[in-house]
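K.L.:
Show me the folded form of this:
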Amino acid sequence: MEERGLPIVRELARVARGGEAPGVKLEGALEILFGAYGESDPEFSGLLLTGWTRAREDKQHRLTMAWLREQSRLSLREILAEGVARGAFRSDLDADACAAIILGAAEGCLLQAPSHGGPVPPARIVGALLALAAPAPPCVAG
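P.N.:
Residues are numbered from 1 along each chain as shown. Prediction:
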């Protein structure tokens, strides 16, 4: 599990620490995450799904899975918090909750992958998540 999950975690952390604008970072992070979870090969999807099942019985495996998940969530949270602070995202965005929602949506794609996709492709989910974080357009007084 670490062999396949660690590169994803590292890449998310690299994007979070990068010098791009928060919106660009978020889009890049979502592409990485949903590319891995939503469009990966069935072997990887199965590995993640069985990993969480195995984690119920195996403490070391549980710690590994939880660490991989938490590191991904923290990278997303860092990007979102920076975006809020810089005015790139909605000012009332809860970075912690939104990061958890994004990760949950990506994990939901794992369930769709074995059944050859679901009703909403990962790319559309990414677009919806980006739209939720975006600040509302300014009101024009008429």
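
K.L.:
quick one: the residue nearest the centre of the chain and Glu57, what's the gap?
P.N.:
With distances taken as CA atoms, centre = their mean, the chain has Leu103 as the residue nearest its mean C-alpha position (4.1 Å). Counting by CB to CB, to the nearest Å, the gap between Leu103 and Glu57 amounts to 23 Å. For the C-beta atoms, the positions are set from N, CA and C on the backbone; glycine is no exception.

K.L.:
Report all helices and strands that whichever helix in the chain runs longest contacts.
P.N.:
With DSSP state H setting the assignment, residue counts place helix 59-85 as the longest helix in the chain. Under the contact definition 3 or more CB pairs under 8 Å, 6 or more residues apart in numbering; DSSP states H and E, helix 59-85 sits against helix 2-17, helix 22-38, helix 42-55, helix 95-112.

K.L.:
For it, list every residue counted as buried.
P.N.:
61, 64-65, 68-69, 71-84 (16 or more other CB atoms under 10 Å).

K.L.:
what mean pLDDT does that helix have?
P.N.:
When pLDDT is averaged over helix 59-85, the result is 94.
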